[in-house]
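S.K.: Coordinates for the following, if possible.
(one chain, ligands or ions: 2)
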Amino acid sequence: MHIHSADFVCSNNDITKCPEPNKPEYAFIGRSNVGKSTLINKMVQRKGLAKTSGRPGKTQLINHFLINEAWYLTDLPGYGYAKVSKTSKEKFQKLIEDYIIERPNLVNLFVLIDSRHEPQKIDLEFMEWLGELEIPFSMVFTKTDKLGSGKLNTNIKVYSKKMLQTWAEMPVFFATSAETGEGCDQVLNYIEQLNNQ
Ligand code: GTP
Ligand code: MG
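M.R.: Ligands and ions are numbered 1, 2, ... in the order given. Presented below is the predicted three-dimensional model:
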């Protein structure tokens, strides 16, 4: 898919203030620091559109971007950041959950997972929760530039094996790098395919 426009629409911590749900929407979610904001910028080729940081906990609000004047790409706060207070963690958790449950135009969630790590309980539980609610999602393995292709394939195999303990099949997944751009076209083409359904 060719990106001819990518515009920031709004940031907020109130679901009722999100843009009118009149266009298909795709959201990036995952642990803090997994690379959600950086991958959004790479995918739409706009450095600095989504705010990024080497320190976890950067994105604290729901950020809507309008792509090609046709669909929304949404950057969500990360989950699982240990260093925030319990109250703040619960507040984020509730914001994310409310958004996922209540956003009627959400077509697909992209659950980002750091390709370097073994399957983490928090991600597995999050995906199980999505499954229980029948929320469509795909997995996006990030930061593949930090691994050799052999190690990447091994890690994905380990992940698939783990997923198949609870899932009938492995969800659609992508291997991406915001450094090299690997996988960005595949994610965009998948979005295009879903937009056309
Ligand atoms: P929160 O907003 O805190 O939830 O984090 P996030 O998931 O949006 O992560 P962010 O995009 O801010 O990136 C976190 C760090 O990882 C930054 O230092 C990025 O430069 C780095 N990073 C993100 N993607 C990649 C990647 O594909 N490769 C490499 N090498 N580094 C990456
Ligand atoms: Mg972010």
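
S.K.: so where do the strands sit in the chain?
M.R.: Under the criterion DSSP state E, the chain contains strands at 6-12, 25-30, 62-67, 71-75, 106-114, 137-142, 173-175.

S.K.: Including mean pLDDT, distance to ligand 1 and mean neighbour count, could those strands go into TSV?
M.R.: Backbone N, C-alpha and C define where each C-beta goes, glycine included. Compiled in TSV, the strands of the chain are given as follows (pLDDT from 0 to 100; distance: least, Cβ to the nearest ligand atom, whole Å; neighbours: other Cβ atoms under 10 Å):
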stretch	mean pLDDT	distance to ligand 1	mean neighbour count
strand 6-12	96	12	14
strand 25-30	98	6	24
strand 62-67	97	9	21
strand 71-75	97	7	23
strand 106-114	98	7	21
strand 137-142	98	5	22
strand 173-175	98	10	20
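
S.K.: Just put these in a markdown table and tack on distance to ligand 2.
M.R.: Shown next, in a markdown table, are the strands of the chain (distance: least, Cβ to the ion, whole Å):
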| stretch | distance to ligand 2 |
| --- | --- |
| strand 6-12 | 11 |
| strand 25-30 | 8 |
| strand 62-67 | 8 |
| strand 71-75 | 6 |
| strand 106-114 | 10 |
| strand 137-142 | 12 |
| strand 173-175 | 18 |
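
S.K.: want to throw these into a markdown table with distance to G131?
M.R.: Listed next are the strands of the chain as a markdown table, based on distance: least, Cβ to Cβ, whole Å:
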| stretch | distance to G131 |
| --- | --- |
| strand 6-12 | 28 |
| strand 25-30 | 14 |
| strand 62-67 | 22 |
| strand 71-75 | 20 |
| strand 106-114 | 11 |
| strand 137-142 | 8 |
| strand 173-175 | 15 |
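
S.K.: Right, I'll leave it there.
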